[in-house]
Structure formats: structure tokens, C-alpha cells
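Asks: no sequence for this one, just the structure:
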């Protein structure tokens, strides 16, 4: 099993459609389970207002922080042809297209963060089963 993300960092404008491209290769015959998970960026240090106004002002995501210090939630899961959305994403234009591409519909302020594409197959346990994409949503 090999999972990759085409664009590890995506910058999108507020209210514009967003597509995070995740691809996988597997020897399994049955379709795998695809899960997209969201993690907010690490909290900004004191004195930093955390407001992103231009592509050069992207948040520093290199400093690690524990999951307890950020928001973590399931965006969507796809098993076969059935896509199930996490509670926070119901009622939005969110889905998993093709094999594993996450379509967020119009980008919202709270969409900036780290997205993890995980592909699980009981028939193919070797290799790398997840990849990470960062999304930064900018205002006008």
C-alpha cells in the first residue's frame, strides 16, 4: 500500500472550492477504507495574532504540539461508494471524490490546518498508509 498527496501545501481563497488530492496504490482486490482527518495548526505563541493576510504569512507548522493542544476531527470516511461525513462537516459541500480526493466545497475560515489522508486495507498491510496535506485559507 502506498499513499501520496500531490500537493503537500495548498493555499486557497476564502469561499473558493478546495480539492486536496490523495492517491493510493494497493494490491488489494477489495476497495480500501479512506479517511480524512483534520488537525488545526498549533496555537500561536503569545504576542502573535495568528492572522494570515497574504501567502507569505503562512503559519509556522514546523513546531510540533500535542493533539490535546489543537482541534482534531474526522472530516469524511469512504468505504466502497459510501461517503460518511463527520458531524462538523454535515450540511457543507464536502465529499471524497474518485479514490481519495477530498473536496471541501467553498473554503471556510476554520478550514486552515493539517489534513491526513489514511487508507486502510485488510488485504494490503505493507507500506505507507497515510499522507499529510496542509491547507491555508486566505481572506480577500
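Replies: Looks like it arrived, so ask away. Everything numeric in this text was worked out from a predicted model, so none of it was measured.
Asks: which residues does the residue sitting nearest the centre point of the chain bridge with?
Replies: For the chain, the residue nearest the mean C-alpha position is residue 115 (2.3 Å; C-alpha atoms, centre = their mean). Beta-bridge pairing for residue 115 (DSSP bridges): residue 38, residue 133.
Asks: residue contacts, it?
Replies: The contact partners of residue 115, by C-beta atoms under 8 Å, 6 or more residues apart in numbering, come to 20, 36, 37, 38, 39, 75, 102, 132, 133, 134, 135. From N, CA and C alone the C-beta is placed, and that goes for glycine too.
Asks: which residue packs closest to the fifth one, ignoring adjacent ones?
Replies: Think residue 39. Among residues not flanking residue 39 along the chain, residue 114 sits closest, at 4.5 Å (C-beta to C-beta, 6 or more residues apart in numbering).
Asks: contacting residues around that neighbour?
Replies: By C-beta under 8 Å, 6+ apart, the residues touching residue 114 are 38, 39, 40, 41, 61, 132, 133, 134, 135.
Asks: redo these as JSON lines? Include neighbour count, distance to residue 2 and pLDDT.
Replies: Converted to JSON lines, the contacts of residue 114 look like this (neighbours: other C-beta atoms under 10 Å; distance: C-beta to C-beta, whole Å; pLDDT from 0 to 100):
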{"residue": "38", "neighbour count": "24", "distance to residue 2": "23", "pLDDT": "97"}
{"residue": "39", "neighbour count": "18", "distance to residue 2": "22", "pLDDT": "96"}
{"residue": "40", "neighbour count": "18", "distance to residue 2": "28", "pLDDT": "95"}
{"residue": "41", "neighbour count": "21", "distance to residue 2": "27", "pLDDT": "93"}
{"residue": "61", "neighbour count": "16", "distance to residue 2": "24", "pLDDT": "49"}
{"residue": "132", "neighbour count": "16", "distance to residue 2": "15", "pLDDT": "97"}
{"residue": "133", "neighbour count": "20", "distance to residue 2": "16", "pLDDT": "97"}
{"residue": "134", "neighbour count": "20", "distance to residue 2": "20", "pLDDT": "97"}
{"residue": "135", "neighbour count": "21", "distance to residue 2": "22", "pLDDT": "97"}
